Structures are given as C-alpha cells and as structure tokens.
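Enquirer: 3D model of this:
(one chain, ligands or ions: 1)
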Amino acid sequence: MTDTVPSPAEPVPSVADLVARRYAFAEPDPAHTAALAAARERSGATGPGTIEAMLGHRSCRRFTGEPVDDALLDVLLAAAFSAPSKSDLQQCSVIVVDDPERRQAIADLIPTMPWIQECGRFLLFCADSGRIRRVAQQAGTPFANDHLDAVLNAAADAAIHLASFIWAAESLGLGTCPISVVRNHIEAVATAVELPEQVFPLAGMCVGWPERLLPFSPRLPPTVTVHRDRYQPDQVAETEAVASYSRRRTAAGRPVPPDQQLDVDRWGVADPYGWAEEKARMVARRERDQLARFLADQGFGLG
Ligand SMILES: Cc1cc2nc3c(=O)[nH]c(=O)nc-3n(C[C@H](O)[C@H](O)[C@H](O)COP(=O)(O)O)c2cc1C
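Expert: Numbering: from 1, shown residues only. Model prediction:
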C-alpha cells in the first residue's frame, strides 16, 4: 500500500480489489466487480466511476503549495452545494479563508496541523441555522423548532456538503483534509471569521495539490458497521471482529514506535499498538467541553 500520489500509468485495480483493500480483507470477492459491471450495463453508465474513486479515498496532509485558483474552487463549491439538503433549507455556509491574517490566526490555534497553512486553500464548512431564521423572520413566521434538531439538521447539511466537496476535489486529483479540531477552539475560530448567531464551524477543509497522500486507511468490516433489519448487539462477535480488523491493519501498516503512541505517560507503551488501542486512547482524552455553552451563546436552543 503506497502513500505516494497515484500516477495515471498505474494499472486500475478491479472493484473487488478496491473493496477488499478498503476492509483490509485478503480475498477480493469477484461478485463485487460483476455487480458493478451489471449495474453499469443496466443504466448505461460508463467509467471511470465515482465508486472506484470513493473506494480509493485517502486524506492528504502534505501539499505542494501550488494555488487552487478561484475558478476551480468555484466549480468545486458548486459541486459541493449540489449535495442534498434537509427539506431544501440549505443550511450550510462555507467561509473561504484567504485573508492571510485570519488564516494564520486559525493555523496558530492548531500548531500540530501545519497543513492548515500549507494547503492551497483553507475553507470552513459551517452549519448555518441563522439564514433560514432570517428568512422566516422576514416572512413574519416563527422559527418553531429552536431545539437540538436545529443543530443536527444544520450539522448534517454541513457534513454532507463537506463530503461532496471531498469527492469533487478528489475526482480531479486534488488532496483534501477536513479539520474538526477547529471545534477545540470554536470561539476563537468563530471570532477569526466573524460568525454571526446560529452559525458554527463543523470542520475546516484543507484542499490543494497533493505532494503525498496519507497511507491507505482500511475501514471496519461490514459485519460490524452494517446491520440487517435490526441492530444486532452481538458483543462477542463485535469484539472479535474489531480485534481481527485491528490486527489486519497493524499487519498492513508500519509499526507505531513508542514516541508516536498516544499518551504513553498515561497508558504506557503498547505492543502491538493497533487501531483499537489508538482509538481507545483517543476517546479517553477529554475535549470540547465548551461546545454546548458556545452553541447556547450563538443563540441555539439545545433542549
Ligand atoms: C469530520 C472530519 C474531521 C476530521 N478532522 C481532522 C483533523 O482535525 N485533522 C486531521 O489531520 N484530519 C482530520 N480528519 C481526517 C481523518 O483523520 C481521516 O479521514 C481518517 O483518519 C481516515 O483516513 P482517510 O480519510 O485517509 O481514509 C477528519 C475527517 C473528518 C471526516
């Protein structure tokens, strides 16, 4: 699994290969390739396909520094805003942070992620419940659902638009990296770009020409993430599937040296240090305590 930028000369893997790689399965299932070919034949769709691009997704944290010009960004944003939107309320706003001082202010808050400053363009994907409230106000109608659902609806719109932006950018060979760590500094970030009431940043977005892509990151197997007809709470099977996934990832990747393991002071050095160990340590870190207060201050009813 290489972390270099793919060259057009490389052979195109089959869909079965791509699905297997996504789950770190050793055996591709030829039925996956056949199913996609049959669906394409039925619909008349021709490749190269979105499915292959999505299966090949990798985030990017090393950019060449080349600019992403305005016209290209316009197209990517139009693609992102083509995403579905809950009830057509269109509760996503994007801030393109070009002003060097404002971008520096955000980058300075997160010195561990220099890619915020190094990427071609930096954006903030915001959940925006304020615009539709102003629309209602101007029409003389109340905003009747000022409770947690308003936060979820706007956040869902922002998340779907963010994902759509990623697929659009990656379809052109651009690299992307969302930055949810902006929410660790949500007040300062909101101040840096002057967010009004009822708007909050869901995530930042680095976009640019990739110098190097991140190593490929397999996902949990569908036995864990996909349920048939009802949620199947088989704890034993889940524990074994997660452990086995973690082992496959460890085997496929590079060993994590002690100085790259999380919070060794607290949890010690683990060997092997796999996905489960790392994610368990990650969620043991307390962060973003200020979020509910910030949202309340922004004028959201959280009841
Ligand atoms: C909502 C969201 C927020 C993220 N926030 C960050 C972040 O703050 N910093 C970062 O470097 N990567 C961030 N990422 C990238 C993830 O770390 C990455 O998607 C994950 O490790 C899986 O790797 P892959 O995207 O290469 O498959 C974020 C991804 C998502 C979807």
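
Enquirer: did I read that right, A270 in a strand?
Expert: No: counting by DSSP: H, G, I helix; E, B strand; the rest coil, A270 falls outside a strand, being coil.

Enquirer: show me where the stretch 101-250 of the chain has helices.
Expert: Secondary structure of the stretch 101-250 of the chain (DSSP state H, counting those that start in this stretch): helices at 115-118, 130-139, 148-171, 186-192, 222-225, 235-252.

Enquirer: Need the ones you listed in CSV (columns: distance to P258).
Expert: For glycine as for every other residue, the C-beta is placed from the backbone atoms N, C-alpha and C. Converted to CSV, these look like this (distance: least, CB to CB, whole Å):
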stretch, distance to P258
helix 115-118, 25
helix 130-139, 47
helix 148-171, 33
helix 186-192, 33
helix 222-225, 29
helix 235-252, 15
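
Enquirer: Now render those helices as a markdown table, adding distance to G204 and mean neighbour count.
Expert: Formatted as a markdown table, those follow (distance: least, CB to CB, whole Å; neighbours: other CB atoms under 10 Å):
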| stretch | distance to G204 | mean neighbour count |
| --- | --- | --- |
| helix 115-118 | 7 | 20 |
| helix 130-139 | 19 | 14 |
| helix 148-171 | 10 | 20 |
| helix 186-192 | 8 | 18 |
| helix 222-225 | 26 | 14 |
| helix 235-252 | 26 | 15 |
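
Enquirer: Just send these back as JSON lines, with distance to R61 and mean pLDDT too.
Expert: JSON lines is the format used below for the helices of the stretch 101-250 of the chain (distance: least, CB to CB, whole Å; pLDDT from 0 to 100):
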{"stretch": "helix 115-118", "distance to R61": "5", "mean pLDDT": "97"}
{"stretch": "helix 130-139", "distance to R61": "32", "mean pLDDT": "97"}
{"stretch": "helix 148-171", "distance to R61": "14", "mean pLDDT": "96"}
{"stretch": "helix 186-192", "distance to R61": "19", "mean pLDDT": "98"}
{"stretch": "helix 222-225", "distance to R61": "25", "mean pLDDT": "94"}
{"stretch": "helix 235-252", "distance to R61": "18", "mean pLDDT": "92"}
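
Enquirer: Nearest to A296 among those would be which one?
Expert: A296 sits nearest to helix 148-171 of all those, at 10.5 Å, using CB to CB.

Enquirer: That closest one and the ligand in contact?
Expert: No: Helix 148-171 stays clear of the ligand (CB under 6 Å from any ligand atom), getting no nearer than 6.8 Å.

Enquirer: Just the CA coordinates for that helix, please, in CSV.
Expert: Provided in CSV are the C-alpha atoms of helix 148-171 (Å, rounded to 0.1, in the frame of the first residue of the first chain):
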residue,chain,number,x,y,z
LEU,A,148,-31.4,20.2,19.3
ASP,A,149,-32.9,19.2,16.0
ALA,A,150,-32.0,22.6,14.5
VAL,A,151,-28.3,21.9,15.4
LEU,A,152,-28.5,18.4,14.0
ASN,A,153,-30.1,19.5,10.7
ALA,A,154,-27.6,22.2,10.1
ALA,A,155,-24.7,20.0,11.0
ALA,A,156,-26.0,17.2,8.7
ASP,A,157,-26.2,19.7,5.8
ALA,A,158,-22.7,20.9,6.5
ALA,A,159,-21.3,17.4,6.8
ILE,A,160,-22.9,16.2,3.5
HIS,A,161,-21.6,19.3,1.7
LEU,A,162,-18.1,18.7,3.2
ALA,A,163,-18.1,15.1,1.9
SER,A,164,-19.4,16.2,-1.5
PHE,A,165,-16.6,18.8,-1.7
ILE,A,166,-14.1,16.0,-1.0
TRP,A,167,-15.4,13.7,-3.8
ALA,A,168,-15.4,16.6,-6.2
ALA,A,169,-11.9,17.7,-5.3
GLU,A,170,-10.5,14.1,-5.3
SER,A,171,-12.1,13.4,-8.7
